[in-house]
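Participant: can you look at this prediction? I've put the sequence above it.
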Amino acid sequence: MKKDIIKITDTTLRDSQQSIWGEHFELDEITYFLAEVDECGFEALEVWGGGTFESSLKFWNENPWDKLKLIKKNVKKTPLQMVIRGKNLVGYKPCSDEIIEKFLKSSFDIGVSIMRVFDPLNDIDNIKHIIKLAKNNKICVHGVMCYTIAPNYDIDFYVKYAKILKEEGVDRIIIKDPAGILLPKVVVELIKRIKKEIELPLGLHCHLINDFVILTYYEAIKAGITGIDCSFIPVSFPASQPPIENILKIFENEIEKKQIDFGINKEKIASVSKKLIERSYQKDLNKNFLPINLQNSFEHQLTRGSFTFLYEQLKKRNILNKLPKVLDEIVNVRKDLGFPPLIIPISQLVIAQSVYNVLMEKRYKLIPNEIKDFVKGFYGRPINPISEELLDIINTDYGIVNHNYRTFKFMPKLTNIKKALAEKLIEIEDETDYITYAIFPELAIEYFKYRQNPIKIKNNEPLSRPITTEEEILVLDKLMKARNVVEFELNEANHYISIKKFCDDSPSIRNNHYTYMPNNRNYAFYDNDINNNNSNKENQIIDKSNANDINSEKKESIISPIAGIFYARPKSDSSAFVSVGELVMEGDTICIIEAMKVMNEIKASFKCKILKSLVKDKEAVDANQDLFIVEKL
């Protein structure tokens, strides 16, 4: 009897801990089990891509390239795999071919030998060049199909797309189900159709959001799938890949009868799983599991990461009661955009627009730049047409001509990046620093500054040792007194502090938000008001009472339509959009409000003169908060 060989890829160091623990593996934490994972018998370890890159910079002040080098140093046998979001690589915006080539070459040189590439829109034009580059470097390429349920996304579509991927030269086809909605009966039909028409290995990657996903894996294996993605039990439920332990148990009889072979060492699996359980309890990582609205999961089709992001954003703004309406609106916005699969970065755009539509009680009253870019074709071509209603609104209000695909200049050139970092007096340690800056410029600058002087906190006061708990409390106390704070909430897992204060001009309580980031055990407070007496006057908050002294019958205020982060300038090294005394025309951009990871240009609705700026750059603002005092002309 022929033995079925099923190859397993472990996702613990990438998708699993990203989905469950929110990227909580630091550099000094991953070495304690790497050698043992290397002995488990996996076909590959997925260790690079997705959110791993951003989290190293954002949460740990670590060089993401150092993490990849460390993994390669400790993993001697098992091939390393990365996954990239097409032209977006590991970020949220499409990159230039120059940056893509540098990123791929650096990853391959360090030790990545398997590359998975997908486009969130299943737009083959967005990944053709990437596949070619990898193949030229003799890399094994997995072409990924993003599964969704929508008009024109039927079995025929995926069979056709699989054929296209094969024509582009991929070595394996991967069915990716980020929302956990691929039913067992559907996966059987899909596998049989693809295997009948295409002679390529076929892999399956599902998220365990719905309980039937393990049954989907079972049926896929029975139907002849070549490979599956799994994780260890501590980082599996309830949103990552199905646990390898359960798969081995389900097929225990077949394994004993040598009818199927996963090539896995069960003893090593048990040992690693035990270590992961110990670590999860040590760090209390499994304490907050949000229940996804399973009743609507086939409608909104959110991943757990996207659902958690939405849930936390609404909770922070004390509008969690809006969640059902937002979920319904996600369905509508997705339809308007041509039913794209809700995968990062597209999912963030849809979520943000849906929240705005619900809060403003009028659809598309505020449209973020990223939605405009999507309509212009910046992210690629959706399978279905964009709604005429949305096209009319954007074309009328913003003068955007629809669908100028492939005509965009993505990201700055490498020469410009080198010049920009030199002007900022950033010390470059490796060529990969330029790539890091190209993808995440703001986070990269913060990390580079920390790397150059790790014993200084953000306000440039020396700190030669880790800050003590008592000192943290004193800093908090000072901050609270300075702002009339009455309550604060600390979310340790996300390093988030919500501070409530009484407004000066009303008895209501307003939320302000500040964060601190762990700098390799040295904690740096990220509120600019602490010991910041030397800051520029143009960046100072100006009290509203002073604004009332302005002698003008035509005085009006410009408010923020949403809660978020106020940006006075388009980039950190750019001039402010407006300055005091400047004449502003109707339709001119006066600032940006970042909300839910998307940028919203705030424009003047009438001709005016800027009299006062009431908010500092990069400060949190509330919905309907005054931003500027102006004279209407």
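Facilitator: Structure received.
Participant: strands of the stretch 251-400 of the chain, start to end?
Facilitator: 260-261 (DSSP state E, counting those that start in this stretch).
Participant: mind giving me the domain ranges of this protein?
Facilitator: 4-282, 294-398, 465-534, 537-632 (automatic domain parsing).
Participant: now stretch 312-330: buried residues?
Facilitator: The neighbour-count check on stretch 312-330 (16 or more other C-beta atoms under 10 Å) flags 312-314, 316-317, 319, 322-323, 326-327, 329-330 as buried. (C-beta placed from N, C-alpha, C; glycine too.)
Participant: what about those residues, which are in helices?
Facilitator: Cross-referencing the buried residues of stretch 312-330 against helices under DSSP state H gives 312-314, 316, 323, 326-327, 329-330.
Participant: closest one to K612 out of those, please.
Facilitator: K316 (28.1 Å; C-beta to C-beta).
Participant: and the closest one, how far is that from F237?
Facilitator: For K316, the distance to F237 equals 26 Å [C-beta to C-beta, to the nearest Å].
Participant: next one: G111
Facilitator: Taken as C-beta to C-beta, the span from G111 to F237 is 30 Å.
Participant: quote the end-to-end distance of stretch 328-346.
Facilitator: Taking C-alpha to C-alpha, to the nearest Å, stretch 328-346 runs 17 Å from one end to the other.
Participant: for stretch 42-56, same thing?
Facilitator: Per C-alpha to C-alpha, the first residue of stretch 42-56 is 25 Å away from its last.
Participant: that stretch: how far from the chain's middle?
Facilitator: A distance of 13 Å separates the centroid of the chain from that of stretch 42-56, by C-alpha atoms, centre = their mean, to the nearest Å.
Participant: cool, stretch 127-146 as well?
Facilitator: With C-alpha atoms, centre = their mean, you get 22 Å for stretch 127-146.
Participant: buried ones in it?
Facilitator: In stretch 127-146, counting by 16+ other C-beta under 10 Å, buried: 127-128, 130-131, 133-135, 137, 139-146.
Participant: max pairwise distance over the residues you listed: which two?
Facilitator: N137 and C146 (24.3 Å).
Participant: what about the nearest residue to E39 once chain neighbours are set aside, distance to L248?
Facilitator: In this structure, E39 finds its nearest non-sequential neighbour in K268, 5.0 Å apart by C-beta to C-beta, 6 or more residues apart in numbering. K268 sits 12 Å away from L248, going by C-beta to C-beta.
Participant: Q81 sits in which helix or strand?
Facilitator: For Q81, the element it lies in under DSSP states H and E is strand 80-84.
Participant: run through the neighbouring helices and strands of that strand.
Facilitator: Applying 3 or more C-beta pairs under 8 Å, 6 or more residues apart in numbering; DSSP states H and E, we find strand 80-84 packed against strand 44-49, helix 64-74, strand 112-117.
Participant: that one vs strand 112-117, what angle?
Facilitator: Strand 80-84 runs at 30 degrees relative to strand 112-117, counting by axes from the mean of the first three to the mean of the last three C-alpha atoms, to 10 degrees.
Participant: from here on, count from 604
Facilitator: Sure, I'll start numbering at 604, so the last one becomes strand 683-687.
Participant: what helices or strands is whichever helix or strand comes after strand 683-687 leaning on?
Facilitator: Next in sequence after strand 683-687, counting helices and strands by DSSP H and E, comes helix 700-713. Applying 3+ C-beta pairs under 8 Å, 6+ apart, one finds that helix 700-713 contacts helix 667-677, helix 731-739, helix 1017-1026, helix 1035-1042.
Participant: many thanks, I have nothing further to ask.
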